[in-house]
Every structure is written in C-alpha cells, then in structure tokens.
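Novice: 3D model of this:
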Amino acid sequence: MTEIVLPEATLSQLVSAGKPVAIVDSSGRAVGTFVPRAMNLDVFYRGVKSPLSAEERQRLIEEEGPTARPLSEFWERMQAKYPDAYEPGFWDEMKKKSSH
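Specialist: Alright, predicted model coming up:
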C-alpha cells in the first residue's frame, strides 16, 4: 500500500475526530475516507442483516461445505481475477501480510 506522510496539523485533525472522516478535494469532491486505526470496526457491521435467511445459510453449508480459505489463498484468487487492478507488488504485499 502506498503511504502518504501528512502534516502534523492535518494528522491531528483526522485522529482527534475519533470516527471516520470523509477526505475531500478543494472542490468538495469525496476522494476517500480516513478510519482511525484505534476505532472498533465492528461498529460498521452492527445491525447489518444478512441477505440470506438462517435456513438458506444452513443449506449452503450443508451443500457446499465450509468455504473458509486462508487469506493468502483469497489474495491469490483476487490477483488471478484482477491482475492489473493495482500497482506492481500490491498482491505480493497482501499475500505476505496475510501469512503472518
């Protein structure tokens, strides 16, 4: 992942918000979101309902078996599917991080 060093004042503003912050350009166009590392990301998923019923999830497990795979395998599949989606080295970096 590419890193950008921010001026201390900007970094202080982002971190002190204590919640996700929209990053916008000078025209107000959203270009991304900053999420503080210390924030509990589980909050994003509270109250989210699965599009599948409990019965459908159980049926899929029974028919297909467990589908959990190592994260490194996931990255390999994503690289095969989207080989040119990111800058050189991205996929290798993701696979390396997931192997720890």
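
Novice: please make it C-alpha for all contacts and neighbour counts, starting now.
Specialist: Fine.

Novice: residues in contact with the lowest-mean-pLDDT helix or strand in the chain?
Specialist: Within the chain, no helix or strand scores below helix 90-98, which has a mean of 77 by mean pLDDT, DSSP states H and E. Helix 90-98 has contacts (CA atoms under 8 Å, 6 or more residues apart in numbering) with M1, L71, S72, W75, E76, Q79.

Novice: one more time with 10 Å, if that's ok
Specialist: Residues outside helix 90-98 that contact it (CA atoms under 10 Å, 6 or more residues apart in numbering) are 1-2, 70-76, 78-80, 82-85.

Novice: so which pair among these is furthest apart in space?
Specialist: Pairwise distances across those peak at 24.3 Å for T2 and P70 (criterion: CA to CA).

Novice: which ChimeraX command selects the buried ones in the contacts of helix 90-98?
Specialist: In ChimeraX, a selection of the buried entries from the contacts of helix 90-98 looks like this (16 or more other CA atoms under 10 Å):
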select :72,75,76,79
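
Novice: now what about the helix or strand harbouring I23, what contacts it?
Specialist: Assigned by DSSP states H and E, I23 belongs to strand 21-24. Residues outside strand 21-24 that contact it (CA under 10 Å, 6+ apart) are Q13, L14, V15, G28, R29, A30, V31, G32, T33, F34, V35, P36.
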